[in-house]
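In: This is a predicted model, with the sequence first.
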Amino acid sequence: MRAGTRLAALTGGVAATLALARLSGFRLARSERRLTDRWRRVAVEPRGSALLGISFRPLQAEALGLDARTTLQTLLDYPFEVVRLGAYWNRIEPWPAGSRFDDLDWQIGAAERAGKKIVLCLGPVKSFGYPEFFVPAHQLSRPLPEGTLVDAESHPSLLAAAIAFATRIVERYRERESIIAWQVEHEAVDPLGMEHSWRLGVDFVADEVAAVREADPTRPIMMNGFLPTSLPVRLQQWWRTREQGDSLAVARRLADVVGIDYYPRHALVGGGGWGLYLEGSHRRSPRLGAWVDVPRGPLLISEGQAEPWESVTTPPGPAGKAMFSCLPEDVIGNYNRCLAWAQRRCLQLDAYLFWGAEYWVMRQLRGDPHYLQAFIRVLETA
């Protein structure tokens, strides 16, 4: 074979491999991109009757070098309607005898003064925000066993303590008219990220849901689940949850309101200025919701990606640049994709909660208002 023919064959093979990887959802890309004003030109889908809001993660604010209370107060000044707050078990009950509600009391009070509606995540075992596991050390004699289901039979004392905590939270705050829903667990029966392979059993979660309903039968229970947007993620999720279904399936069975966590692009590995991404946002990828039997009842986007998800825990914020996993224009683009999908499916989204608000504040304090301005643009034009 001549050199030119060999080169053409090699080039063709590489191109075919890259095309196949792209169709499967993989993409090799430079991690840092120059900041642009593209977010100003992206059309914004009308939201209809959907409420707009954010989730607030005090631990993430602290990890980004921010003061949590100042950050929340800054965010509450913007004209969105809903904020999701977390009752983190190990922060409220750091020792066996006694509880500290001062921080959560302050957050709820601040949200009320700003006129916001509140979705309160009770956990207890899992809640939103890294590391997603907030059981106090004194409630576990040993780590949860990897590769197993943590259910009512295997961990009765943990279940009893979790129910007691959730009930205590509901009883403390159920007179607050600002709270519109309780969230029970976070992505309840899915494995805990990539760090752990244990999962909560459906019976464990069902008992928690029943206890919350008994403590407050007047408010809906919201449960959320991660929506796979690429084939590799879908296959992995199916394999890891095959015995009892994933969190979206369980939410449909147990909850009054189903929340979808939507992250169309995230890095698997990174280094040397490059990253290998799983991408479900390009036109060849399966459409949003193609793998989930979405209920016709109350539905919201509980987490719409609006901050980078790179191969590190704390999202990078390089000066003058943005990370490929979520550029400022993606704050709007991801919102648009969800609203357009709901319209095509004749579904009514009750709310869309942007994920990453603490990151926007950090970027603004470092001289880059693009992410925060993209969010404001949705508020002003949707």
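Out: Thanks, I have it. Residues are numbered from 1 along each chain as shown.

In: ranges for the helices of the stretch 201-350 of the chain?
Out: Chain-ordered helices for the stretch 201-350 of the chain, with DSSP state H, counting those that start in this stretch as the definition, fall at 202-215, 231-240, 247-254, 328-344.

In: Just put those in JSON lines and tack on mean neighbour count and mean pLDDT.
Out: C-beta coordinates here come from the backbone N, C-alpha and C atoms, glycine included. JSON lines is the format used below for the helices of the stretch 201-350 of the chain (neighbours: other C-beta atoms under 10 Å; pLDDT from 0 to 100):
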{"stretch": "helix 202-215", "mean neighbour count": "19", "mean pLDDT": "98"}
{"stretch": "helix 231-240", "mean neighbour count": "15", "mean pLDDT": "85"}
{"stretch": "helix 247-254", "mean neighbour count": "22", "mean pLDDT": "94"}
{"stretch": "helix 328-344", "mean neighbour count": "21", "mean pLDDT": "95"}
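
In: TSV please, covering these and showing distance to L51.
Out: TSV is the format used below for the helices of the stretch 201-350 of the chain (distance: least, C-beta to C-beta, whole Å):
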stretch	distance to L51
helix 202-215	22
helix 231-240	28
helix 247-254	19
helix 328-344	13
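
In: Tell me what the most centrally placed residue in the chain is bridged to.
Out: For the chain, the residue whose C-alpha lies nearest the mean C-alpha position (C-alpha atoms, centre = their mean) is E303; its distance is 4.1 Å. Following DSSP bridges, E303 is listed with bridge partners D261.

In: okay, now the residue lying closest to D67 once chain neighbours are set aside: neighbour count?
Out: Closest residue in space to D67, ignoring its immediate chain neighbours: A61 at 7.3 Å, by C-beta to C-beta, 6 or more residues apart in numbering. By the criterion of other C-beta atoms under 10 Å, A61 has 23 neighbours.

In: Tell me the gap between the host helix or strand of A61 and the middle of its chain.
Out: When elements are assigned from DSSP states H and E, A61 belongs to helix 58-63. From the chain centre to the centre of helix 58-63 is a distance of 15 Å (C-alpha atoms, centre = their mean, to the nearest Å).

In: which residues are contacting the helix or strand following it?
Out: Tracing the chain C-terminally past helix 58-63 and defining elements by DSSP H and E, one meets helix 68-76 next. Outside helix 68-76, the residues that touch it by C-beta atoms under 8 Å, 6 or more residues apart in numbering are 54, 56, 58, 61-62, 83, 103, 106-107, 110-111, 113-114, 116, 357-358, 361.

In: Equivalent analysis for stretch 143-154, please.
Out: Outside of stretch 143-154, the residues that reach it under the criterion C-beta under 8 Å, 6+ apart are 125, 155, 158-159, 196-204, 207, 243-244.

In: mind running it again at 7 Å?
Out: Taking C-beta atoms under 7 Å, 6 or more residues apart in numbering as the criterion, the residues outside stretch 143-154 that touch it are 159, 196-201, 203-204, 207.

In: That stretch: end-to-end distance?
Out: With C-alpha to C-alpha, to the nearest Å as the measure, stretch 143-154 spans 13 Å from end to end.

In: Name the spans of this protein whose pLDDT lies under the cut-off.
Out: 1-24, 281-296 (pLDDT under 70).

In: For R30, give me its contacts.
Out: R30 neighbours (C-beta under 7 Å, 6+ apart): 273-274, 324.

In: Helices of the stretch 1-150 of the chain, start to end?
Out: Along the stretch 1-150 of the chain, the segments classed as helices by DSSP H, counting those that start in this stretch run 3-24, 58-63, 68-76, 89-92, 102-113.

In: helices or strands up against the second one?
Out: I take that to be helix 58-63. The helices and strands touching helix 58-63, judged by 3 or more C-beta pairs under 7 Å, 6 or more residues apart in numbering; DSSP states H and E, are helix 68-76.

In: Count the neighbours of E243 for me.
Out: For E243, the number of neighbouring residues by other C-beta under 10 Å comes to 10.

In: where does it sit relative to P191, distance-wise?
Out: According to C-beta to C-beta, to the nearest Å, E243 stands 12 Å off from P191.

In: Which among the contacts of stretch 143-154 count as buried?
Out: With burial judged by 16 or more other C-beta atoms under 10 Å, the buried subset of those is 159, 196, 198-201, 204, 207.
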